[in-house]
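Undergrad: Got a predicted structure plus its sequence, pasted below:
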Amino acid sequence: MHSAFTFAAAVVLVLVCIIAYRFIFAFYLSPLRRLPGPLLGKLTSLRIELRIARGLITKTGREDIVKYGDLYMCMPNAVAVSHPDDIRTVLGNSAVKKASYYNIVKFTGIDTTLTMQDNKDAGVRHRQIVPYFQPRHLSKMQDVVMDQGIHCIKRKWDRLLEESTTGKAEVNYCDDILIAAFGVLSQLVFGRTLSEIKSADAAAARWIERTFKLTCTRAMLQILPSFLTKAIFWPWEHYYVRLSNCAHEAIGERKKLMKNLEEEGKEDERPIDLLQALIDAEDSETKVKMSYDEIHAESMLMMLAGADTTAFTTIWAVHLLMLYPHHYRDAVKEVRSRYSQDHVITYNECRETLPFVEACIYESLRLFPVVGGMIPRVSPKGGMVLQGNFIPEDTIMFVNMGCANYHSKYWDRPHEYDPSRFIKDRDAWRNVLSFSHGRRICPGRYLAWWEMLTILPNLLKDYDFELPANYTHLGPNILDERGLPKVMDAKTFVTYTPSNADRDCRLVISRASDKKG
């Protein structure tokens, strides 16, 4: 009994000493001690890490900036950076590297474009793949993007309307846009449509969502012993295994096809898609190509991080247009005044003739960035200065992407959805940091734009939208604390996604009632 009491007392004493040390260091010794920040955050990293795991990091970042300003200490040896000018300084500095936190999205254990911490290695990968993501090369894939994207959605919606006795049908646009985006990448990365999404129904959408969330959650728990992680996720492991096996099969089949074409002297008949791009990719300086494992890792990244980022930007745009009906009417009028219903709007046509529709996408990206949380970087050797504060080297700098596009220096009424701001100021898009900034900017942004600018305008052209009669919890007249239409709840698991898409992403569609607006 006495020994048990002694042991307990020793444990308590150790805990008290640890807390005392952390308190003294945070408030008297830390080089960041003069920065504001939450008390718990200054003492432990658990505050941030637990909120990341719960999908609440975007919400936390937006609350913290109100309390502590746009540069504050968010955890020991870490600051949160929210001012757009500071974000450009951090992301534009070639000596600033990505933090080890990116290991949580190293899905296959192999570094990818996203996870590489060394900027020299990242530069090699950038030179290997970026040429294939430029608009000129992507234009060669336009038929696949259109067929698996907008045409996929239209086939389903037209079928539902044909089966309807009222001329109307209720759809879940989150499911349908997500399936379309995943279908595009499935064809471009694997060379075929996965059987799981051919049905284009709710089950297909859930398969996509579960595969992505499982993989991200599984990665986030790498801090646990591997046997424990495997035990926790064993019932759902088949989601990840299925996608990984598809990648292996696709690479193997493509290499076999390339060998056959070479033997027949038909190399110029090789498919034009992203899988072929990964296989052909070569660093223009070193002439180095990617290994098999690197091709597999990049293809998994494209599927897991590419489809949902594109889809959810479009999903947020539809949601916001339903909350701001005057902007919805303006977008519909612009599209239908320029194009007839039997015409399918292409990427180039949208870019050249539909500035307001493009502005709707930009405003959606501004309010709900592709990556809505905090992206970690490491301060360079010798440190750096932000807002007159010295940030020592090896300090973690969390770039607060959830607040980057809200700063009053660049945005009037920053919380309001107003696409017209991009019409009034044609250079406003330069201040949208949603695809990151600097040399590590998202290489797939042009493909994302290709999909978004073909899906949204064609849906607005061909269908009338309205909220369901029993959709009473959100709408133009349901206001938040700022007096603006309340948006649907969302969480951040790498991307900023609706918390309850089955409830919040419902829409009643009918055939376009006024072809000319």
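TA: Structure's in. What do you need?

Undergrad: For the rest of this, base every contact and every neighbour count on C-alpha atoms.
TA: Noted.

Undergrad: for the stretch 151-300 of the chain, which spans come out with low pLDDT?
TA: For the stretch 151-300 of the chain, the stretches with pLDDT under 70 are 196-239.

Undergrad: need the strands for it, in chain order.
TA: With DSSP state E, counting those that start in this stretch as the criterion, the stretch 151-300 of the chain has strands at 168-172.

Undergrad: where along it do the helices fall?
TA: Applying DSSP state H, counting those that start in this stretch to the stretch 151-300 of the chain gives helices spanning 173-185, 202-220, 226-233, 237-263, 274-280, 292-301.

Undergrad: Quick check: mean pLDDT of the helix or strand hosting Ala9?
TA: Secondary structure from DSSP states H and E places Ala9 in helix 2-24. The average pLDDT for helix 2-24 rounds to 73.

Undergrad: For stretch 294-309, output the C-alpha coordinates as CSV.
TA: Extracted C-alpha coordinates of stretch 294-309, given in CSV (Å, rounded to 0.1, in the frame of the first residue of the first chain):
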residue,chain,number,x,y,z
GLU,A,294,6.8,6.8,-57.3
ILE,A,295,4.4,6.5,-60.2
HIS,A,296,2.1,4.4,-57.9
ALA,A,297,2.4,7.0,-55.1
GLU,A,298,1.6,9.9,-57.4
SER,A,299,-1.4,8.1,-58.9
MET,A,300,-2.8,7.4,-55.5
LEU,A,301,-2.3,11.1,-54.6
MET,A,302,-4.1,12.2,-57.7
MET,A,303,-7.1,10.0,-56.9
LEU,A,304,-7.3,10.8,-53.2
ALA,A,305,-6.4,14.5,-53.2
GLY,A,306,-7.5,15.5,-56.7
ALA,A,307,-11.1,14.4,-57.1
ASP,A,308,-12.5,15.8,-53.9
THR,A,309,-10.8,19.1,-54.0
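
Undergrad: Tell me the gap between that stretch and the middle of its chain.
TA: 12 Å (Cα atoms, centre = their mean, to the nearest Å).

Undergrad: and what of stretch 55-63?
TA: Remark: stretch 55-63 is offset 15 Å from the chain centroid, using Cα atoms, centre = their mean.

Undergrad: Would you mind listing the outside residues contacting that stretch?
TA: For stretch 55-63, contacts defined as Cα atoms under 8 Å, 6 or more residues apart in numbering pick out Ile48, Arg51, Gly372, Gly373, Met374, Asn400, Gly402, Cys403, Lys491, Thr492, Phe493, Tyr496.

Undergrad: Which positions within it qualify as buried?
TA: Gly55, Leu56, Ile57, Thr58, Lys59, Thr60, Gly61, Arg62 (16 or more other Cα atoms under 10 Å).

Undergrad: In helices only, show me the residues you listed.
TA: Judged by DSSP state H, the buried residues of stretch 55-63 include Ile57, Thr58, Lys59, Thr60, Gly61, Arg62 as members of helices.

Undergrad: now those as CSV including pLDDT and distance to Phe27?
TA: Formatted as CSV, those follow (pLDDT from 0 to 100; distance: Cα to Cα, whole Å):
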residue, pLDDT, distance to Phe27
Ile57, 84, 25
Thr58, 86, 26
Lys59, 87, 26
Thr60, 89, 22
Gly61, 89, 22
Arg62, 89, 24
